[in-house]
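Below are the sequence and a predicted model; questions follow.
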Amino acid sequence: MDNFFIERSKQTPEIKFDAESGVLEIMGRSIPENTFDFFNPVLSWLDEYSKNPASKTVVKVNLEYFNTSSSKYILEILKRVKNIMNDGYDVLVEWYYEEDDEEMMETGEDYEDVSGLPFTLISVEED
Amino acid sequence: MAKKSIYQREVDFLQKAKEFMASSDYTKEELQLQTKDLIENYEELVNQVKIITKISDRLQRKLNKTNEKLEQTNYALNETNIKLNETIDALAEAKIGRKSAIIVMIVAIALFIVSEAWIEPIIDSHFPNSQYPFVGLGLKLIVAILIKPGEDLTNKYMLKKARKKQIEESKIVTKKV
């Protein structure tokens, strides 16, 4: 299966999904003009990946800010990862946030609660 | 074709449920199954709305905080800018003050030389020193009295010119930006 990559822009995050290693990374800022157009290929790739995932899937989320519609798509991504876990595969979500970014940390906790996935909240130093 | 939205799956499901209800050709079991699916989807949607609203509110708070920080930084920058401009103005005024003092001094010296070399002999020939001892002295006194107002006038003129130049330069910078 091909890997998936979208370059980071001012409004969209970098998306780097490696099918072989099972590392799925989302980094940057997510405020796309058309969220459907941006995230739909991401979800399609994940649907394909979940048919034959790596033995361990690690989702790394490192977002500084995202809009409301992106939050819906993050839920959709996590839902697909949950399906992979329900199929008996090992999964982990690494949620990165800047050390003084209380809001992003709490958001990670909310996603952890609602998704029922194993989360690791990781504080990183500001650039 | 209608534009796809982020709630496309939910919209599609709702449409199917509407079509099912409109058909009126279903068994009790089929109706129960449809209702069960509808309830499950509705529950999921409610949960999603709850979490999305919570997250959205929180990120709005983050945005507000960032905005407040930006406003504070902007205010501090403006304050520093005002102080910097005041200092630049004071420096420019001091520089101009020195320049105008030098100019006035040169003019005064020139006038003194002119009065000693050319005006004094003319005065002496018309008003002999023995009869009019204060004419030459009075002329020098007038030149001495005029030094200060002359310096002030020169200073004012040069400041006006410098400010005009500054305004024109700032207009050019604004246009470039």
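That came through, no problem. Residues are numbered from 1 along each chain as shown, chains lettered A, B, ... in the order given.

all helices of the chain, in order?
By default, I'm working from chain A. A:35-49, A:68-86, A:102-115 (DSSP state H).

not what I meant, chain B
Counting by DSSP H, the helices of chain B are B:8-23, B:28-114, B:120-126, B:135-176.

can you give me the angle the last one makes with helix B:28-114?
Angle, helix B:135-176 to helix B:28-114, by axes from the mean of the first three to the mean of the last three Cα atoms, to 10 degrees: 160 degrees.

Low-confidence stretches in chain A?
A:127 (pLDDT under 70).

ok, which residues in chain A are in contact with chain B?
For chain A, the contact set with chain B under Cβ under 8 Å from any Cβ of the partner chain comprises A:35-36, A:39-40, A:65-69, A:71-73, A:75, A:101, A:103-104, A:106-107, A:110-111, A:114. Yep, even glycine has a C-beta here, placed from its N, CA and C like the rest.

If I look at the residue most central in space within chain B, what pLDDT would I see?
In chain B, the centroid-proximal residue (Cα atoms, centre = their mean) is B:Asn78; its distance is 7.1 Å. Listed pLDDT for B:Asn78 reads 94.

B:Gln60 too?
Per the predicted model, pLDDT is 92 at B:Gln60.

Not counting sequence-adjacent ones, nearest residue to A:Phe39?
Distance criterion Cβ to Cβ, 6 or more residues apart in numbering or on different chains; nearest residue to A:Phe39, sequence neighbours excluded, is A:Tyr73 at 4.1 Å.

That neighbour contacts A:Leu46, correct?
No: assessed by Cβ atoms under 8 Å, A:Tyr73 is found out of contact with A:Leu46, at 10.6 Å.

Quick one: neighbours of the nearest residue to B:Leu159 once chain neighbours are set aside, just the number.
The shortest distance from B:Leu159 to any non-neighbouring residue, by Cβ to Cβ, 6+ apart, is to B:Ile96 (5.6 Å). B:Ile96 has 19 neighbouring residues, counting by other Cβ atoms under 10 Å in any protein chain shown.

Okay, angle between the longest strand seen in chain A and helix B:28-114 too, please.
Across chain A, the longest stretch assigned as strand under DSSP state E is strand A:56-66. If you take the same axes, to 10 degrees, strand A:56-66 sits at 50 degrees to helix B:28-114.

pLDDT wise, what is the residue sitting furthest away from the middle of chain B at?
In chain B, B:Thr27 marks the outermost C-alpha relative to the chain mean, sitting 73.3 Å out by Cα atoms, centre = their mean. On pLDDT, B:Thr27 comes in at 89.

Get me the contact residues on chain B for chain A.
Taking Cβ under 8 Å from any Cβ as the contact definition, chain B meets chain A at B:3-8, B:47-48, B:51-52, B:54-56, B:58-59, B:61-63, B:65.

Going through those residues, which ones are buried?
B:6, B:48, B:51-52, B:55-56, B:58-59, B:62 (16 or more other Cβ atoms under 10 Å in any protein chain shown).

Now render those residues as CSV, adding distance to A:Thr12.
Shown next, in CSV, are those (distance: Cβ to Cβ, whole Å):
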residue, distance to A:Thr12
B:Ile6, 15
B:Gln48, 22
B:Ile51, 22
B:Ile52, 19
B:Ile55, 18
B:Ser56, 18
B:Arg58, 21
B:Leu59, 16
B:Lys62, 19
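
how many neighbours does B:Pro149 have?
For B:Pro149, the neighbour count with other Cβ under 10 Å is 10.

residues contacting it?
Applying Cβ atoms under 8 Å, 6 or more residues apart in numbering or on different chains to B:Pro149 gives no contacts.

give me the low-pLDDT residue ranges for chain B?
Residues of chain B meeting the criterion pLDDT under 70: B:1-3, B:129-130, B:174, B:176-177.

List the buried residues of stretch B:150-161.
Judged by neighbour count using 16+ other Cβ under 10 Å, the buried positions of stretch B:150-161 are B:150-151, B:154-155, B:158-159.

Check those against chain A and report the nearest one.
Nearest to chain A out of the buried residues of stretch B:150-161 is B:Leu159 (Cβ to the nearest Cβ; 45.9 Å).

Let me know whether the closest one touches B:Ala94 as I believe.
No: at 11.1 Å, B:Leu159 does not count as touching B:Ala94 under the criterion of Cβ under 8 Å.
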